[in-house]
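Chemist: Return a 3D structure for these sequence lines:
(one chain, ligands or ions: 1)
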Amino acid sequence: MSEQDFQSGEREKELEEQASIIKLSMHTLKDHYGLNPGKYRKPVRSIGFQLGLELARILPTEAIRDVDSVVKQLSSYWMKYGIGEMFWVDRGEEMLLGIQFCSDCIGRGAGYTTCPFKEGILEAVLESKLENKYRVDEVECCGSPAPNCVFKIEPTLD
Ligand SMILES: [Zn+2]
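Modeler: Okay, here's the model as predicted:
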């Protein structure tokens, strides 16, 4: 993705609108289910997935080669619109993506992972950009409590 692309009018507007939709959904969902997504886990994940498909459609595709390049792109988008900060967690062979300062962070103490929305959105963007299936599972959550949310990314065979 070139800087110019990111700046350019129409796309810029679409990306900004999509960021508002994503943040509004994150906030609304957390307002609704609080610290425990419980029985909403699956539908919340689906909402994230749908919005992720929409986001992938408008994010530029040049410079996309692998998981790392998708994450780089998503990470600058996330940062630019104040959704949160992404970073790789270096812990052996696994692909672990950390997210901190999430826009929907509601503090600590839930005792379990609370971010199925982000699982869905990550999965959708990876799958659409790379034409491969991925499974994204949150393995640590700032609500659990851990310092950051951490998502494990695995390619799947089907
Ligand atoms: Zn989390």
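Chemist: Give the residue spans of this structure that score low on pLDDT.
Modeler: Counting by pLDDT under 70, the chain shows low-confidence ranges at 1-7, 35, 105-113, 158.
Chemist: Just the strands from this protein, written as ranges.
Modeler: When assigned using DSSP state E, the strands of the chain occupy the ranges 85-89, 95-100, 134-140, 149-155.
Chemist: Please convert those to JSON lines, extending it with mean neighbour count and distance to residue 79.
Modeler: To be clear about C-beta, it is placed using only N, CA and C from the backbone, and glycine gets the same treatment. Compiled in JSON lines, the strands of the chain are given as follows (neighbours: other Cβ atoms under 10 Å; distance: least, Cβ to Cβ, whole Å):
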{"stretch": "strand 85-89", "mean neighbour count": "16", "distance to residue 79": "6"}
{"stretch": "strand 95-100", "mean neighbour count": "18", "distance to residue 79": "11"}
{"stretch": "strand 134-140", "mean neighbour count": "18", "distance to residue 79": "19"}
{"stretch": "strand 149-155", "mean neighbour count": "19", "distance to residue 79": "15"}
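Chemist: will you turn those strands into CSV that also has distance to residue 12?
Modeler: What follows is the strands of the chain, written out as CSV (distance: least, Cβ to Cβ, whole Å):
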stretch, distance to residue 12
strand 85-89, 20
strand 95-100, 23
strand 134-140, 27
strand 149-155, 27
